[in-house]
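J.: Got a predicted structure plus its sequence, pasted below:
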Amino acid sequence: MIEVDEIFTFIRVKTQMVRIWIAQCRRTRQILSFFIGDGSMESCKRLWRKLPYEYLRCRSFSDLWRCDNCLPAERHQKVGKETGETAHVERLNNTIRQRWSRMVQKSLSFSKKESMLNLHFKLFAYKYNLQCVG
C-alpha cells in the first residue's frame, strides 16, 4: 500500500510556494518517489509517473486534498487524517520539518533555487531509505 501526501515550502521568498509531493510505501516506510511542483493535478500526475512499476497496481491513500483526483480511482482512497491511513507519510512530513530549517512553515530560511531543494531532498530520501532497510 502507498501513502501519498504533500509538504509545503518556499523558494527564495514567501510568495513562491512549492509543494513536495511524496509517495511512501506503508510496509517498508521507504520513500518511493517525490516530485517538487505546484498544487496542480499535473504535479500529482508527474509524481505518479515516477513511481516504480511494481507499485502502480497497489492501493493508495491520501488526505482529502482535491488534486489527488489524478490518482487511479479504482485503487485510490481519500481519507481523513483521523483514520490513520496516512499516518506514516504524515510522520515523515514531521521528520522532514524537524530536520530541515528551510521546511519549517514560520521560518525565515528558504531554498534559493528549486534545483538545490531537489538535490537536498534526493539526498535526504536516499539516506532515509537506507535507514529503513537497516
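T.: Okay, I see it.
J.: what's the pLDDT at Phe34?
T.: pLDDT for Phe34: 90.
J.: what's the offset of the helix or strand hosting Ile22 from the middle of its chain?
T.: Using DSSP states H and E, Ile22 sits within strand 17-25. Centroid separation between strand 17-25 and its chain, computed with C-alpha atoms, centre = their mean, to the nearest Å, is 2 Å.
J.: what do you get for stretch 21-37?
T.: Worked out by C-alpha atoms, centre = their mean, stretch 21-37 lies 6 Å from the chain centre.
J.: and that stretch, which residues are buried?
T.: Across stretch 21-37, burial judged by 16 or more other C-beta atoms under 10 Å covers 21-26, 29-37. (C-beta placed from N, C-alpha, C; glycine too.)
J.: What pairs with the strand holding Ile22, parallel or antiparallel?
T.: Paired neighbours of strand 17-25 in the sheet (DSSP bridges): strand 2-10 (antiparallel), strand 31-37 (antiparallel).
J.: what's the closest of those strands to His88?
T.: Proximity to His88 (C-beta to C-beta) singles out strand 2-10 among those, at 5.5 Å.
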